[in-house]
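1. I would like to see how this sequence folds:
(one chain, ligands or ions: 1)
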Amino acid sequence: MQVVHTLAELRAALAGQSRTTFVPTMGNLHEGHLALVREAARRGAPVVASIFVNRLQFLPHEDFDRYPRTLARDCELLAPAGCDLVFAPAEDELYPEPQTYKVQPPAALADLLEGEFRPGFFTGVCTVVMKLLHCVQPAVAVFGQKDYQQLKVIEAMVRQFALPVQIVPGATVRAADGLALSSRNGYLSAEERAEAPTLQRVLAALAAAGRDGLRPLADLEAAAQAELRQRGWQPDYLTLRRRRDLLAPGDDERAAGEPLVALGAARLGSTRLIDNLEC
Ligand code: AMP
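-> From the prediction side, this is the model:
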(Lines give C-alpha, C1' and ligand atoms only; values in the text may rest on other atoms or scores of the structure.)
Protein backbone atom coordinates (compact mmCIF):
# COMPACT_ATOMS: atom_id res chain seq x y z
CA MET A 1 0.00 0.00 0.00
CA GLN A 2 1.30 3.39 -1.02
CA VAL A 3 0.66 6.58 0.98
CA VAL A 4 0.78 9.91 -0.87
CA HIS A 5 0.28 13.44 0.36
CA THR A 6 0.34 15.62 -2.74
CA LEU A 7 -1.79 15.83 -5.88
CA ALA A 8 1.29 15.29 -8.01
CA GLU A 9 2.09 12.07 -6.13
CA LEU A 10 -1.53 10.99 -6.37
CA ARG A 11 -1.62 11.53 -10.12
CA ALA A 12 1.64 9.65 -10.57
CA ALA A 13 0.36 6.76 -8.45
CA LEU A 14 -2.92 6.64 -10.40
CA ALA A 15 -1.30 6.83 -13.84
CA GLY A 16 -2.34 3.79 -15.81
CA GLN A 17 -5.13 2.83 -13.38
CA SER A 18 -8.29 3.23 -15.42
CA ARG A 19 -10.76 2.02 -12.81
CA THR A 20 -10.44 2.50 -9.07
CA THR A 21 -12.85 2.28 -6.14
CA PHE A 22 -12.68 5.19 -3.73
CA VAL A 23 -13.45 5.46 -0.01
CA PRO A 24 -13.27 9.04 1.29
CA THR A 25 -12.82 9.43 5.05
CA MET A 26 -11.73 11.92 7.68
CA GLY A 27 -9.49 9.29 9.31
CA ASN A 28 -9.45 7.99 12.87
CA LEU A 29 -10.64 4.81 11.25
CA HIS A 30 -12.82 2.16 12.86
CA GLU A 31 -14.52 -1.03 11.69
CA GLY A 32 -17.22 1.02 9.92
CA HIS A 33 -14.66 2.63 7.63
CA LEU A 34 -12.80 -0.66 7.19
CA ALA A 35 -16.03 -2.42 6.15
CA LEU A 36 -16.34 0.18 3.36
CA VAL A 37 -12.75 -0.53 2.31
CA ARG A 38 -13.40 -4.29 2.32
CA GLU A 39 -16.54 -3.73 0.26
CA ALA A 40 -14.46 -1.66 -2.13
CA ALA A 41 -11.75 -4.34 -2.34
CA ARG A 42 -14.33 -7.06 -2.97
CA ARG A 43 -15.19 -5.34 -6.24
CA GLY A 44 -11.77 -6.21 -7.65
CA ALA A 45 -10.47 -2.81 -8.80
CA PRO A 46 -7.62 -1.03 -6.97
CA VAL A 47 -8.84 0.72 -3.81
CA VAL A 48 -8.00 4.33 -3.00
CA ALA A 49 -8.87 5.78 0.43
CA SER A 50 -8.53 9.43 1.35
CA ILE A 51 -7.92 10.83 4.81
CA PHE A 52 -8.70 14.51 5.12
CA VAL A 53 -10.39 16.44 7.91
CA ASN A 54 -12.36 18.93 5.87
CA ARG A 55 -12.54 22.29 7.59
CA LEU A 56 -15.32 23.47 5.21
CA GLN A 57 -17.85 21.11 6.78
CA PHE A 58 -17.30 22.21 10.38
CA LEU A 59 -19.02 25.17 12.00
CA PRO A 60 -16.75 27.50 13.99
CA HIS A 61 -17.86 26.06 17.36
CA GLU A 62 -17.53 22.43 16.23
CA ASP A 63 -14.72 19.94 16.81
CA PHE A 64 -12.43 20.61 13.81
CA ASP A 65 -9.39 21.33 15.98
CA ARG A 66 -9.84 18.39 18.32
CA TYR A 67 -11.00 15.91 15.64
CA PRO A 68 -8.61 12.96 16.13
CA ARG A 69 -5.81 12.72 13.56
CA THR A 70 -4.26 9.26 13.64
CA LEU A 71 -2.69 8.78 10.22
CA ALA A 72 -0.04 6.19 11.13
CA ARG A 73 -2.53 3.92 12.85
CA ASP A 74 -5.09 4.47 10.08
CA CYS A 75 -2.56 3.28 7.49
CA GLU A 76 -1.80 0.17 9.57
CA LEU A 77 -5.52 -0.67 9.46
CA LEU A 78 -6.08 0.21 5.81
CA ALA A 79 -3.44 -2.10 4.30
CA PRO A 80 -4.86 -5.40 5.63
CA ALA A 81 -8.42 -4.25 4.74
CA GLY A 82 -7.38 -4.22 1.07
CA CYS A 83 -6.53 -0.58 0.43
CA ASP A 84 -3.90 -0.01 -2.28
CA LEU A 85 -3.38 3.74 -2.13
CA VAL A 86 -3.95 6.33 0.61
CA PHE A 87 -4.31 10.00 -0.28
CA ALA A 88 -3.72 12.07 2.87
CA PRO A 89 -3.26 15.68 1.76
CA ALA A 90 -2.32 18.54 4.05
CA GLU A 91 -4.93 21.26 4.21
CA ASP A 92 -2.99 23.62 1.94
CA GLU A 93 -2.54 20.89 -0.62
CA LEU A 94 -6.29 20.44 -1.12
CA TYR A 95 -7.10 24.09 -0.43
CA PRO A 96 -4.00 26.01 -1.64
CA GLU A 97 -6.15 29.12 -1.96
CA PRO A 98 -9.45 29.95 -0.26
CA GLN A 99 -12.07 27.59 -1.72
CA THR A 100 -14.41 30.30 -2.97
CA TYR A 101 -16.03 28.11 -5.62
CA LYS A 102 -18.37 25.77 -3.75
CA VAL A 103 -20.97 23.16 -4.54
CA GLN A 104 -24.31 24.32 -3.17
CA PRO A 105 -26.74 21.43 -2.69
CA PRO A 106 -30.47 22.12 -2.96
CA ALA A 107 -32.15 23.45 0.19
CA ALA A 108 -34.94 20.91 -0.19
CA LEU A 109 -32.47 18.11 0.54
CA ALA A 110 -29.65 19.84 2.41
CA ASP A 111 -31.27 22.45 4.67
CA LEU A 112 -33.28 19.95 6.73
CA LEU A 113 -32.19 17.46 9.43
CA GLU A 114 -28.37 17.73 9.63
CA GLY A 115 -28.44 20.86 7.47
CA GLU A 116 -30.84 22.60 9.81
CA PHE A 117 -28.59 22.07 12.82
CA ARG A 118 -25.28 22.37 10.95
CA PRO A 119 -25.87 25.19 8.42
CA GLY A 120 -23.46 24.94 5.51
CA PHE A 121 -22.45 21.38 6.42
CA PHE A 122 -23.54 19.83 3.13
CA THR A 123 -21.99 22.63 1.08
CA GLY A 124 -18.70 21.72 2.77
CA VAL A 125 -19.26 18.01 2.20
CA CYS A 126 -20.29 18.40 -1.46
CA THR A 127 -17.40 20.73 -2.19
CA VAL A 128 -14.76 18.40 -0.79
CA VAL A 129 -16.35 15.27 -2.28
CA MET A 130 -16.57 16.93 -5.70
CA LYS A 131 -12.93 17.95 -5.40
CA LEU A 132 -11.78 14.52 -4.20
CA LEU A 133 -13.73 12.83 -7.01
CA HIS A 134 -11.93 15.06 -9.51
CA CYS A 135 -8.57 14.28 -7.92
CA VAL A 136 -9.02 10.51 -7.76
CA GLN A 137 -11.39 10.01 -10.74
CA PRO A 138 -12.70 6.68 -9.45
CA ALA A 139 -15.22 4.49 -11.28
CA VAL A 140 -16.92 3.68 -7.96
CA ALA A 141 -17.07 5.48 -4.59
CA VAL A 142 -18.37 3.93 -1.37
CA PHE A 143 -20.26 5.97 1.25
CA GLY A 144 -21.68 4.72 4.55
CA GLN A 145 -25.39 4.64 5.29
CA LYS A 146 -24.44 5.80 8.79
CA ASP A 147 -24.50 9.29 7.28
CA TYR A 148 -27.82 8.70 5.57
CA GLN A 149 -28.61 12.24 4.43
CA GLN A 150 -25.02 12.70 3.25
CA LEU A 151 -25.38 9.61 1.07
CA LYS A 152 -28.61 11.02 -0.44
CA VAL A 153 -27.01 14.43 -1.04
CA ILE A 154 -23.97 12.87 -2.73
CA GLU A 155 -26.11 10.56 -4.88
CA ALA A 156 -28.13 13.57 -6.08
CA MET A 157 -24.98 15.62 -6.74
CA VAL A 158 -23.43 12.84 -8.81
CA ARG A 159 -26.67 12.40 -10.74
CA GLN A 160 -27.24 16.11 -11.43
CA PHE A 161 -23.64 16.80 -12.49
CA ALA A 162 -23.51 13.55 -14.49
CA LEU A 163 -20.29 12.62 -12.72
CA PRO A 164 -18.88 9.38 -14.17
CA VAL A 165 -18.83 7.55 -10.84
CA GLN A 166 -21.11 4.94 -9.32
CA ILE A 167 -22.03 5.59 -5.68
CA VAL A 168 -22.26 2.41 -3.61
CA PRO A 169 -23.82 2.49 -0.12
CA GLY A 170 -22.18 0.59 2.76
CA ALA A 171 -24.28 -0.74 5.66
CA THR A 172 -23.78 0.81 9.11
CA VAL A 173 -21.41 -1.15 11.32
CA ARG A 174 -22.40 -1.26 14.99
CA ALA A 175 -20.82 -2.25 18.28
CA ALA A 176 -22.25 -5.37 19.97
CA ASP A 177 -24.61 -3.18 22.03
CA GLY A 178 -26.03 -1.52 18.90
CA LEU A 179 -24.16 1.80 18.97
CA ALA A 180 -23.20 2.84 15.44
CA LEU A 181 -19.41 3.10 15.24
CA SER A 182 -18.20 6.67 14.90
CA SER A 183 -14.92 8.50 15.32
CA ARG A 184 -16.80 10.77 17.74
CA ASN A 185 -17.60 7.83 20.07
CA GLY A 186 -14.08 8.31 21.37
CA TYR A 187 -15.19 11.58 22.99
CA LEU A 188 -17.67 9.73 25.25
CA SER A 189 -16.95 9.12 28.94
CA ALA A 190 -17.48 5.53 30.19
CA GLU A 191 -20.86 6.52 31.55
CA GLU A 192 -21.89 8.22 28.30
CA ARG A 193 -20.65 5.26 26.28
CA ALA A 194 -22.94 2.98 28.30
CA GLU A 195 -25.88 5.30 27.61
CA ALA A 196 -25.09 5.91 23.92
CA PRO A 197 -26.91 2.83 22.47
CA THR A 198 -30.18 4.38 23.67
CA LEU A 199 -30.23 6.57 20.56
CA GLN A 200 -30.45 3.51 18.35
CA ARG A 201 -33.01 1.86 20.64
CA VAL A 202 -35.28 4.93 20.58
CA LEU A 203 -34.96 5.12 16.78
CA ALA A 204 -35.92 1.44 16.49
CA ALA A 205 -39.01 2.05 18.64
CA LEU A 206 -39.92 5.12 16.54
CA ALA A 207 -39.49 3.10 13.36
CA ALA A 208 -41.74 0.30 14.62
CA ALA A 209 -44.47 2.58 15.99
CA GLY A 210 -44.29 4.84 12.94
CA ARG A 211 -44.75 1.93 10.64
CA ASP A 212 -47.92 0.61 12.28
CA GLY A 213 -49.56 3.96 11.50
CA LEU A 214 -51.95 4.14 14.47
CA ARG A 215 -50.63 7.24 16.24
CA PRO A 216 -49.84 10.62 14.65
CA LEU A 217 -46.22 10.87 13.67
CA ALA A 218 -45.71 14.17 15.51
CA ASP A 219 -46.75 12.46 18.79
CA LEU A 220 -44.37 9.57 18.22
CA GLU A 221 -41.49 11.91 17.42
CA ALA A 222 -42.22 14.07 20.46
CA ALA A 223 -42.32 10.97 22.68
CA ALA A 224 -38.97 9.78 21.31
CA GLN A 225 -37.42 13.21 21.98
CA ALA A 226 -38.91 13.29 25.49
CA GLU A 227 -37.46 9.88 26.30
CA LEU A 228 -33.98 10.96 25.29
CA ARG A 229 -34.28 14.26 27.13
CA GLN A 230 -35.35 12.46 30.28
CA ARG A 231 -32.19 10.38 30.07
CA GLY A 232 -29.98 13.47 29.87
CA TRP A 233 -29.66 13.84 26.10
CA GLN A 234 -30.23 17.04 24.11
CA PRO A 235 -31.91 15.87 20.92
CA ASP A 236 -31.71 17.91 17.71
CA TYR A 237 -34.20 15.75 15.83
CA LEU A 238 -35.75 12.27 15.95
CA THR A 239 -37.97 11.76 12.98
CA LEU A 240 -39.43 9.32 10.51
CA ARG A 241 -39.01 10.26 6.86
CA ARG A 242 -39.48 8.87 3.38
CA ARG A 243 -36.25 7.33 2.17
CA ARG A 244 -36.57 8.82 -1.30
CA ASP A 245 -36.60 12.53 -0.38
CA LEU A 246 -36.29 12.67 3.43
CA LEU A 247 -39.67 14.42 3.69
CA ALA A 248 -42.38 13.39 6.17
CA PRO A 249 -44.60 10.55 4.95
CA GLY A 250 -48.35 10.99 4.81
CA ASP A 251 -50.45 8.67 6.98
CA ASP A 252 -51.56 6.86 3.83
CA GLU A 253 -47.92 6.29 2.85
CA ARG A 254 -47.05 4.95 6.30
CA ALA A 255 -49.83 2.41 5.94
CA ALA A 256 -49.08 1.61 2.29
CA GLY A 257 -45.51 0.47 2.84
CA GLU A 258 -43.64 3.54 1.58
CA PRO A 259 -39.93 2.89 2.32
CA LEU A 260 -39.12 4.93 5.42
CA VAL A 261 -36.10 5.76 7.56
CA ALA A 262 -35.95 6.86 11.18
CA LEU A 263 -33.22 9.46 11.63
CA GLY A 264 -31.87 11.00 14.80
CA ALA A 265 -29.22 13.37 16.09
CA ALA A 266 -28.68 14.16 19.74
CA ARG A 267 -26.01 15.42 22.07
CA LEU A 268 -24.85 13.39 25.02
CA GLY A 269 -22.70 15.67 27.15
CA SER A 270 -20.62 17.55 24.58
CA THR A 271 -20.70 14.76 21.98
CA ARG A 272 -23.17 14.90 19.11
CA LEU A 273 -24.19 11.47 17.79
CA ILE A 274 -26.27 10.64 14.72
CA ASP A 275 -27.88 7.39 13.63
CA ASN A 276 -30.64 6.06 11.42
CA LEU A 277 -32.59 2.88 10.72
CA GLU A 278 -34.43 2.03 7.55
CA CYS A 279 -37.87 0.61 8.07
P1 AMP B 1 -16.05 10.01 8.16
O2 AMP B 1 -14.64 9.64 8.37
O3 AMP B 1 -16.85 10.12 9.42
O4 AMP B 1 -16.22 11.18 7.24
O5 AMP B 1 -16.72 8.78 7.40
C6 AMP B 1 -16.18 8.30 6.21
C7 AMP B 1 -17.13 7.32 5.60
O8 AMP B 1 -17.34 6.24 6.52
C9 AMP B 1 -18.53 7.92 5.33
O10 AMP B 1 -19.00 7.40 4.10
C11 AMP B 1 -19.32 7.41 6.50
O12 AMP B 1 -20.70 7.31 6.22
C13 AMP B 1 -18.71 6.04 6.71
N14 AMP B 1 -18.97 5.53 8.06
C15 AMP B 1 -18.77 6.17 9.24
N16 AMP B 1 -19.17 5.40 10.27
C17 AMP B 1 -19.65 4.26 9.73
C18 AMP B 1 -20.22 3.06 10.28
N19 AMP B 1 -20.38 2.89 11.59
N20 AMP B 1 -20.60 2.09 9.42
C21 AMP B 1 -20.44 2.26 8.07
N22 AMP B 1 -19.90 3.35 7.51
C23 AMP B 1 -19.52 4.34 8.31
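
2. Residues contacting the lowest-mean-pLDDT helix or strand in the chain, please?
-> Scoring the helices and strands of the chain by mean pLDDT, DSSP states H and E places helix 251-255 at the bottom, with a mean of 88. Helix 251-255 is contacted from outside by 210, 211, 213, 216, 217, 240, 242, 260, using Cβ atoms under 8 Å, 6 or more residues apart in numbering. Heads up, the C-betas are built off the backbone N, CA and C, glycines and all.

3. most neighbours, which of those?
-> Counting neighbours by other Cβ atoms under 10 Å, the top entry in these is residue 240, with 24 neighbours.

4. Residue most distant from the centroid, this structure?
-> residue 214 (31.8 Å; Cα atoms, centre = their mean).

5. so it, which of the three states?
-> Secondary structure state of residue 214, per DSSP: H, G, I helix; E, B strand; the rest coil, is coil.

6. cool, and residue 133?
-> helix.

7. what sits against it?
-> 22, 141, 158, 163, 165.

8. Now the fourth one: closest residue in space, sequence neighbours ignored.
-> Counting by Cβ to Cβ, 6 or more residues apart in numbering, residue 163 lies nearest to residue 133, which is 6.1 Å off, once chain neighbours are set aside.

9. again with the second one
-> The shortest distance from residue 141 to any residue that is not its chain neighbour, by Cβ to Cβ, 6+ apart, is 4.4 Å, and that residue is residue 22.

10. related to what we said a few turns ago, show me which of the contacts of residue 133 neighbour the ligand.
-> When Cβ under 6 Å from any ligand atom is applied, no member of the contacts of residue 133 is adjacent to the ligand.

11. need those residues in CSV with pLDDT and neighbour count, can you?
-> Formatted as CSV, the contacts of residue 133 follow (pLDDT from 0 to 100; neighbours: other Cβ atoms under 10 Å):
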residue, pLDDT, neighbour count
22, 98, 28
141, 98, 24
158, 98, 18
163, 98, 17
165, 98, 18
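
12. Out of the contacts of helix 251-255, give me the two with the largest separation.
-> The most widely separated members of the contacts of helix 251-255, counting by Cβ to Cβ, are 216 and 242 (16.5 Å).

13. Test of understanding: give the bridge partners of the residue in the stretch 51-200 of the chain that the ligand sits nearest to.
-> Closest to the ligand within the stretch 51-200 of the chain is residue 144: 2.4 Å, counting by Cβ to the nearest ligand atom. With DSSP bridges applied, residue 144 shows beta-bridge pairing to residue 170.

14. Confirm for me that it is in contact with residue 174.
-> No. Checked against Cβ atoms under 8 Å, the pair residue 144 and residue 174 is beyond contact range at 11.7 Å.

15. Same question for stretch 201-212: list its buried residues.
-> By 16 or more other Cβ atoms under 10 Å, the buried positions in stretch 201-212 come out as 202, 203, 205, 206, 207, 209, 210, 211.

16. Helices of the stretch 1-150 of the chain, residue ranges please.
-> Along the stretch 1-150 of the chain, counting by DSSP state H, counting those that start in this stretch, helices occupy 7-14, 31-42, 71-81, 91-94, 107-110, 114-117, 121-136, 148-160.
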